[in-house]
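J.: got a predicted structure plus its sequence, pasted below:
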Amino acid sequence: MSRGPDAGTLVRRAIERDARRAGCAVTLLLAESSRWASATFIGARHRLALDSPDDDAFAHWLAGLPEADLPIRGHLVADLAIVSVIRAAGRATAHVEALTVET
């Protein structure tokens, strides 16, 4: 029996969907996930790199991303941070880290 997509796939899809709703054309350059656990929670850490035209829509969307509601079935986004943004030649590459916990 298939368990469905893993947390990394669900995080990626949620971020891409949120960007589309904001009118941003993002391309996923990197997506890595690793299992994570504490004494009370089980989840995963995620690292993503997103490329986009360096425009106002992307800047506005990216600024609000850490507080965005990203519904992910079976998981809660406990933390999301923009680690860095590299701008060059009219493009922006954002490095994002997220922590999800299983619900």
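T.: Arrived safely. Since we're looking at a predicted model, the values are computed, not measured. Residues are numbered from 1 along each chain as shown.
J.: quick one: residue 41 from residue 70, how far?
T.: 17 Å (Cβ to Cβ, to the nearest Å). C-betas here are computed from N, CA, C, even on glycine.
J.: neighbour count: those two, which is higher?
T.: residue 70 (18 against 14; other Cβ atoms under 10 Å).
J.: Three-state assignment for the more buried one, please.
T.: Classification of residue 70 using DSSP: H, G, I helix; E, B strand; the rest coil returns coil.
J.: find the nearest non-adjacent residue to it, please.
T.: residue 14 (4.2 Å; Cβ to Cβ, 6 or more residues apart in numbering).
J.: that neighbour sits in which helix or strand?
T.: Residue 14 is located in helix 7-21, with elements delineated by DSSP states H and E.
J.: how far off centre is the very next helix or strand once past that helix?
T.: Per DSSP H and E, helix 7-21 leads on to strand 27-37 as the next helix or strand towards the C-terminus. The chain centroid and the centroid of strand 27-37 are separated by 9 Å, computed with Cα atoms, centre = their mean, to the nearest Å.
J.: what's the angle from the helix holding residue 14 to strand 27-37?
T.: Using axes from the mean of the first three to the mean of the last three Cα atoms, to 10 degrees, the direction of helix 7-21 lies 140 degrees away from that of strand 27-37.
J.: for residue 53, see how far away the residue positioned nearest the centre of the chain is.
T.: Residue closest to the mean C-alpha point of the chain, counted by Cα atoms, centre = their mean, is residue 15 at 4.7 Å. Separation of residue 15 from residue 53 (Cβ to Cβ): 17 Å.
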